[in-house]
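Trainee: Structure of the sequence below:
(chains A, B and C)
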Amino acid sequence: MLELLNRPAIEVAPLVLGAVVRVGEVAVRITEVEAYMGEEDPGSHAFRGPGKRNAVMYGPPGHLYTYFTYGMHTCANVVCMPEGIASAVLLRAGEVIEGQSVAAKRRVTSQKSADLAMGPARLVVALGIRLDDAGANLQTGRVRLELPESQSPFSAGPRTGVAGEGGTAEYPWRFWIPGEPSVSPYRAAVKRKRR
DNA sequence: GTCGAGATTATCT
DNA sequence: GATAATCTCGACC
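Mentor: Predicted coordinates for the structure are as follows:
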């Protein structure tokens, strides 16, 4: 599996589609991801170089990169590329296929099954991933990644949710499985107004 | 369904 | 002190 992940994020991203992430009793089939290409990517946390937050992204592939954003939310990534090069695939959405009652209990809002893991922060909550799971090994740790045996069909398009300058959504680095109800219908990123 | 805006805090400057 | 790889709610179509 490590050989499959030891490549650029835009190549790894389609492979993760259809994969299953398992944490305890809850399992989610990934239906939407985004590629982050490290220091050459203006939308990536690694764009300004290594720091405490993105250190895991520079580490070896096959590990979990979590980060906190907007003061309330956590997002999860799969690290790819060899140690020393920052690159990761953001898990944006998925379908809860096991432990649905447990996942629903964590999500106080949106009890509908299609909404349980529709969005990066929701996915993390449904799975029970925490910020201190950062750096966990996805083959041996609490959070497991199971790649599919065959490549799922997928579509590619502009990234969403990246609020950086210069239109970082111009790169077609968002991948999803067509026809999945759990793929987020979210609008493109809007610049945040200050209060 | 789409659109606008506020919430809330770790991390970085 | 400013920023942010988001979510939720309310208003409108």
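
Trainee: For the least confident helix or strand in chain A by mean pLDDT, name the packing helices and strands.
Mentor: Lowest on mean pLDDT, DSSP states H and E among the helices and strands of chain A sits strand A:155-157, with a mean of 92. Applying 3 or more Cβ pairs under 8 Å, 6 or more residues apart in numbering; DSSP states H and E, one finds that strand A:155-157 makes contact with strand A:174-176. Where C-beta positions appear, they are placed from N, C-alpha and C, glycine not excepted.

Trainee: try it again with 10 Å
Mentor: Where contact means 3 or more Cβ pairs under 10 Å, 6 or more residues apart in numbering; DSSP states H and E, strand A:155-157 is packed against helix A:9-16, strand A:174-176.

Trainee: mind putting those in a markdown table, distance to DNA strand B and mean pLDDT included?
Mentor: Converted to a markdown table, those look like this (distance: least, Cβ to the nearest atom of the strand, whole Å; pLDDT from 0 to 100):
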| stretch | distance to DNA strand B | mean pLDDT |
| --- | --- | --- |
| helix A:9-16 | 19 | 96 |
| strand A:174-176 | 15 | 94 |
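
Trainee: The ones you listed into a markdown table, with extra columns for distance to A:Met57 and mean neighbour count?
Mentor: Compiled in a markdown table, these are given as follows (distance: least, Cβ to Cβ, whole Å; neighbours: other Cβ atoms under 10 Å):
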| stretch | distance to A:Met57 | mean neighbour count |
| --- | --- | --- |
| helix A:9-16 | 10 | 22 |
| strand A:174-176 | 18 | 24 |
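
Trainee: between these, which one is nearest to A:Arg22?
Mentor: Distance to A:Arg22, taken as Cβ to Cβ, is lowest for helix A:9-16 among the helices and strands packed on strand A:155-157, at 13.8 Å.
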